[in-house]
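In: Just a sequence and a predicted model for now, questions to come.
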Amino acid sequence: MSITAVNRFVLPKTQSAMVSLIALSITMSMMMSGCGDAQGQGGPPPAGPPEVGTITVESERLVLATELPGRVSAYLVSEVRPQVSGLILKRSFTEGQDVREGQVLYEIDPATYQAAYDQAKAAVAMAEASLTAIRSRAERFEGLIKIHAIGEQEFDDAAAALQQAEAALMVSEAAAETARINLSYAPVKAPISGRIGKSGITVGALVTAYQPVSLATIQTLDPIYVDLTQSTTELLRLRRHIEDGVLGHDETKQNEVELIMEDGTSYPLKGTLQFQDVMVSPTTGSVILRVVFPNPDRVLLPGMFVRARVREGVKEEAILIPQEGVGRDPKGNPFALVVDSAAGTAEQRMLTLDRAIGAKWLVSSGLSLGDHVIVEGMQRVRPGDAVKAVPFAEDATQASAPDNTPPPTAESD
């Protein structure tokens with residue numbers, strides 16, 4: 001084999017070894033360079049305290065209100081029933097329309113009652129005629145007894161006959177009045193003004209006096225009642241807060257009530273709290289509050305379920321914090337983390353919460369004015385940890401969040 005042939009087989013192996021050696025040298029140089037940089041800089045810088053968003057606790061004047069469930073009921077209800085028996089000859093109203101007091105609704109056949117009244121009037125006339133003759137006889141006997149022309153027995157009989165005739169006239173007059181009243185009941189009239197429902201009977205039907213089935217029902221819808229249910233627990237709490245001075249009591253506005261319809265819309269007119277029931281329901285442990293609402297457009301109908309916002313009072317220095325700033329311990333007790341400005345650490349405060357108002361909690365105790373409450377980054381912090389406090393962009397957060405909070409139960413005055 002020639003030298004040229006040997007070089008053809010040896011040279012490629014030599015080149016491959018050289019390439020591997022060069023790659024190994026480059027890798028070692030990079031590793032040594034990295035180690036030198038790490039030794040020269042001393043490693044990554046240590047992490048600082050976590051950054052948290054805080055709000056400053058401030059007080060505001062708040063008008064507190066409670067939402068109570070309720071049901072609409074008619075202001076006046078009258079079940080129309082016949083007061084005499086007879087055949088219905090005519091119906092004089094349109095179902096579902098308004099009727100006025102004294103308007104004729106039905107007409108009962110008056111023939112028998114007219115005859116009874118005429119007979120009673122004739123009996124009165126007979127009694128009056130008989131009384132005239134007996135009275136004249138008694139007056140003559142009164143003159144004769146003075147001159148002893150007749151005996152005392154005859155005079156006593158004449159006086160007794162006069163009294164009997166007068167009594168008979170009174171009986172006849174009473175019977176005539178009864179017959180007149182029965183005749184006046186033949187046209188069945190509306191006892192109150194309001195909206196009448198469907199007719200429970202048709203023309204040609206026979207009705208009886210004071211029957212259990214009503215002919216129709218009339219309901220006064222303007223104004224109208226709303227009966228609210230309030231638990232005794234809420235009632236006692238409200239009284240205690242007013243007595244302790246926690247809530248102010250404004251008599252001029254205290255009885256104003258706002259109404260929320262079944263579809264969530266607000267009723268445009270305000271009602272007036274009329275009275276509070278004096279008896280507690282043994283089954284629900286609640287009392288009834290009756291509110292009167294104007295209802296000119298007949299929007300409110302008896303039987304509707306509604307919610308009413310009843311004004312409780314005014315809290316002059318209310319403290320509200322976002323719900324994100326309130327946590328719960330393993331026992332469910334609420335707490336907040338407050339930044340200690342001097343030490344720069346987080347401090348835990350146990351809270352007493354009154355209620356949720358929109359996306360905030362009304363705090364009864366546990367916080368003071370000027371405290372910096374952690375609202376954002378609360379999950380990364382434990383009590384005693386060092387923190388870096390920055391202002392929390394509350395408006396921006398609420399603007400980007402979906403509006404799925406329940407309707408507020410308090411309003412600023």
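Out: Happy to help now that I have it. If you're wondering where the values come from, they're calculated on a predicted model, not measured in any experiment.
In: Only C-alpha atoms from now on, for both contacts and neighbour counts.
Out: Will do.
In: Please verify my assumption that S78 contacts I218.
Out: Yes - shown here, S78 and I218 form a contact pair, counting by C-alpha atoms under 8 Å, at 5.2 Å.
In: hey, what's in contact with both of these two?
Out: Here S78 and I218 have I192 as joint contacts, going by C-alpha atoms under 8 Å, 6 or more residues apart in numbering.
In: So if I had to pick from those two, which one is more boxed in?
Out: I218 (25 against 17; other C-alpha atoms under 10 Å).
In: is it fair to say the more buried one lies in a helix?
Out: No - with DSSP: H, G, I helix; E, B strand; the rest coil as the criterion, I218 is located in strand rather than a helix.
In: Name the nearest residue to it, ignoring sequence neighbours.
Out: With C-alpha to C-alpha, 6 or more residues apart in numbering as the criterion, I218 has its nearest non-adjacent residue at 4.3 Å, and that residue is I196.
In: Distance-wise, check A115 relative to L89.
Out: Relative to L89, A115 is positioned 18 Å away (C-alpha to C-alpha, to the nearest Å).
In: do the same with S199
Out: When distance is defined by C-alpha to C-alpha, S199 is 14 Å away from L89.
In: same deal with A175?
Out: Using C-alpha to C-alpha, A175 is found at 26 Å from L89.
In: Now do the same contact list for the residue nearest to I218.
Out: Per C-alpha under 8 Å, 6+ apart, neighbours of I196: E95, G96, Q97, D98, V99, A216, T217, I218, Q219.
In: so where do the helices sit in the stretch 301-413 of the chain?
Out: Here the stretch 301-413 of the chain has its helices, by DSSP state H, counting those that start in this stretch, at 394-400.
In: try the stretch 51-200 of the chain
Out: For the stretch 51-200 of the chain, applying DSSP H, counting those that start in this stretch gives helices covering 111-146, 152-184.
In: buried stuff in the longest one?
Out: Of the residues in helix 111-146, those scored as buried under the neighbour-count criterion (16 or more other C-alpha atoms under 10 Å) are 113-114, 116-117, 119-121, 123-124, 127-128, 130-131, 134-135, 137-138, 141-142.
In: hang on, the earlier thing: who has more neighbours, A175 and L89?
Out: Ranked by neighbour count (other C-alpha under 10 Å), A175 and L89 place A175 first, with 19 against 16.
In: which strand residues sit across from E67 in the sheet?
Out: In this entry, E67 is beta-bridged to R309, by DSSP bridges.
In: Could you do the one 4 residues further on as well?
Out: For R71, the beta-bridge partners are D227, F305 (DSSP bridges).
In: Run a quick neighbour tally on it.
Out: R71: 19 neighbours (other C-alpha under 10 Å).
In: Surely it is in contact with L300?
Out: No - the pair R71 / L300 is not scored as a contact, 10.0 Å apart, by C-alpha under 8 Å.
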